[in-house]
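In: I need the structure of the sequence given here:
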Amino acid sequence: MRVLILEDDPELGPVLAGGLREAGFAADLATTLADADLKLAVNGYDCVVADRAVPDGDALELVTALRASGSTLPVLLLTALDSIGDRVAGFDHGADDYLVKPFAFAELAARVRTLCRRGQSTRPALLHARDLQMDLPRRRVRRSGTLLSLTAKEFAVLEVLMLRAGEVVTRSELIERCWDEAGEPMSNVVDVLIGQLRRRLGEPQPIETVRGAGYRLLD
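Out: Predicted coordinates for the structure are as follows:
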């Protein structure tokens, strides 16, 4: 799941991005409305986390523009503006959630994960492929009933493969869904991660390489 963060605080912004990456998200950081607009036009996101007050305006402008365009992209406003009027204005402009600073990061990550799932309402809570089972809400993967220990990035890649079980998923698609602008799309980062994931899953190997195309999870 890929998240766009709009936060101009030079200390908080990188902390938010780093924390969400550790929680298993791909996270891009924008510091202005113009920067956020550009990233939204170029990349696909599952959720936006936005501070209200940024140098070139109010994030409510961003939410209003998204809703006017017909976008249902979930937006969480993360702001120090904590009055009832501020909260009401956020929801009236189309925000899906509102979290006041200071906040507990675990709560932020949980809210973002919920919004991402809401934006993909057709996604089931449990994914199955052969003897693999993925519990999305609990972030657990089992193979033949045995609980596996996966890193956040391994979980994210396997989630994409399981959602597309039986189909070829290209390296560029995996980068788009599981890495952010801090990733290295020109390196062999995907191949290395797939190698790690294969070792975690064990034999018989459920992930096959489709030469010249990408990877496929056997179903």
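
In: may I see the buried residues of the lowest-mean-pLDDT helix or strand in the chain?
Out: Lowest on mean pLDDT, DSSP states H and E among the helices and strands of the chain sits helix 171-178, with a mean of 84. Residues 171, 174-178 are the ones in helix 171-178 that count as buried (16 or more other Cβ atoms under 10 Å). For the C-beta atoms, the positions are set from N, CA and C on the backbone; glycine is no exception.

In: next helix or strand past that helix?
Out: helix 189-201 (DSSP states H and E).

In: pLDDT (mean, whole number) over that following helix?
Out: Averaging pLDDT along helix 189-201 gives 91.

In: what's the angle from that helix to helix 171-178?
Out: 80 degrees (axes from the mean of the first three to the mean of the last three Cα atoms, to 10 degrees).

In: now helix 189-201 - C-alpha only, CSV.
Out: This file holds the C-alpha atoms of helix 189-201, laid out as CSV (Å, rounded to 0.1, in the frame of the first residue of the first chain):
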residue,chain,number,x,y,z
VAL,A,189,15.9,-4.5,-5.4
VAL,A,190,12.8,-6.5,-6.6
ASP,A,191,14.8,-9.6,-7.5
VAL,A,192,16.7,-9.5,-4.1
LEU,A,193,13.4,-9.1,-2.2
ILE,A,194,11.8,-12.0,-4.1
GLY,A,195,14.8,-14.2,-3.3
GLN,A,196,14.4,-13.4,0.4
LEU,A,197,10.6,-14.1,0.2
ARG,A,198,11.2,-17.4,-1.5
ARG,A,199,13.5,-18.5,1.3
ARG,A,200,10.9,-17.5,3.9
LEU,A,201,8.2,-19.5,2.1
